[in-house]
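>>> could you look at this predicted model? Sequence included:
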Amino acid sequence: MTVAVLPPELRSELHLRPMRHDDAARWAVLMAAVEEVDRRDEHYDADDLTEELADPDLDLGRDTLIVLDGSAGDEGVAVAYQVLRLRSGGAEGAFVATDAAVHPAYRRRGIGAALLAVALDRARELDAALFMRVPETNAGAVALAERTGMAPVRWWSELERDLAEPITPTLVPAGLTVASLGPPYDAERWDEPLRAAHNSAFADHWGSVPVSRQAWVHWRTGSKSFRPGCSAVATTADGDVVGYVLSYEYVADTERTGQRDLYISTVGTVAAHRGRGVAAALLAHVLHAATGLGYDTSSLTVDAQNPTGALGVYERAGYRLHRREITFAAPSAHS
């Protein structure tokens, strides 16, 4: 990744470099400042961001940047960052997903535009589309995407559920068994069957790509936030996985808000078993478990244009719209 991206008038004040594993703490301070203004209900501690930086598919030297205000000493205070992740193998072809933010006190100075220019260059180099997802209420981020020629291509609904509300009993489809994945979680028993079911279930979903073994363990079942007791699997009499729910609890969120939220990260049903109520039965199982374990709320994000009818499943399970996000895209040269 190029390093000469800041506007000339900022280069004496700010400097940038690729991110390092020891940047997690300063990155967490930056994210807290961003959350104070943007209010995305996303809180990160240094452990969370250490996990982000340890992504086995992330090239820190090429695909990350941190912008530092050098006047503060100790290598500077983080005032902006960017992380790029290449994804390929899905129906949309290769794409680069950018994750970036600028400290509120440093906005409207060209830093975000400079970072986005780097992301666009990297996507062109890889002959890939560039995807950027932002809250629809973040007028600055939306305007930046539009000024750069990016166009909205997908909308996402963030949903919430109060776990004090009753959970509707849901029958498990005939011939299937629904059970929790722990604790303890048996990685040897479940990792590969779950990963295979996931790659099958999401093969026709927009923006989804096959998940490797390394990535599955790092981001899914090996994450410190994974909660197997509030995750579940649906199996046939032969033990084949036909559906699953993976759930997470983010300690930094709990510490900041005082509320325990169970985030439903992934709900998958293999195509041959859709339309039978598998997802509804799994969700009811997980929500009952979460209530028993003292969670206050549950949240999830769903593709508003999901053709499988997932939004309706979640609404029937008691989830309600909290906010929306938009994915903007700059297509590859050969799209």
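Yep, it's here. Residues are numbered from 1 along each chain as shown.

>>> H218: how many residues sit nearby?
18 (other C-beta atoms under 10 Å). Quick note: C-beta positions are derived from backbone N, CA and C, even for glycine.

>>> are we agreed that it is in a strand?
No: according to DSSP: H, G, I helix; E, B strand; the rest coil, H218 belongs to no strand; its state is helix.

>>> please name the nearest non-neighbouring residue to it.
Distances taken as C-beta to C-beta, 6 or more residues apart in numbering put P56 closest to H218, at 5.7 Å, once the chain neighbours are dropped.

>>> was I right about S157 contacting V302?
Yes: if you go by C-beta atoms under 8 Å, S157 and V302 touch, sitting 5.3 Å apart.

>>> now do the shared contacts for the two.
The contact sets of S157 and V302 overlap at L311 (C-beta atoms under 8 Å, 6 or more residues apart in numbering).

>>> show me what the helix or strand containing E51 is packed against.
Assignment of secondary structure by DSSP states H and E places E51 within helix 46-53. Secondary-structure packing of helix 46-53 (3 or more C-beta pairs under 8 Å, 6 or more residues apart in numbering; DSSP states H and E): helix 24-38.

>>> now the helix it packs on: buried residues?
Buried residues in helix 24-38, defined by neighbour count with 16 or more other C-beta atoms under 10 Å: 24, 26-28, 30-31, 33-35, 38.

>>> can you pull out the strands in the stretch 151-300 of the chain?
151-162, 176-180, 232-236, 241-248, 261-269, 297-303 (DSSP state E, counting those that start in this stretch).

>>> the longest one pairs with which strands?
Spelled out, it's strand 151-162. Strand pairing for strand 151-162, determined by DSSP bridges: strand 297-303 (antiparallel), strand 320-330 (antiparallel).

>>> buried set for the last one?
It stands for strand 320-330. For strand 320-330, burial by neighbour count (16+ other C-beta under 10 Å) applies to 323, 325-330.

>>> how about residues contacting that strand?
Residues contacting strand 320-330 (C-beta under 8 Å, 6+ apart): 95, 120, 123, 129-137, 142, 145-146, 148-161, 207, 299, 301, 304.

>>> what's near enough to touch I264?
245-247, 283, 286, 298-300.

>>> report pLDDT for it.
If you check I264, the pLDDT there is 98.

>>> kindly report the same for G73.
48.
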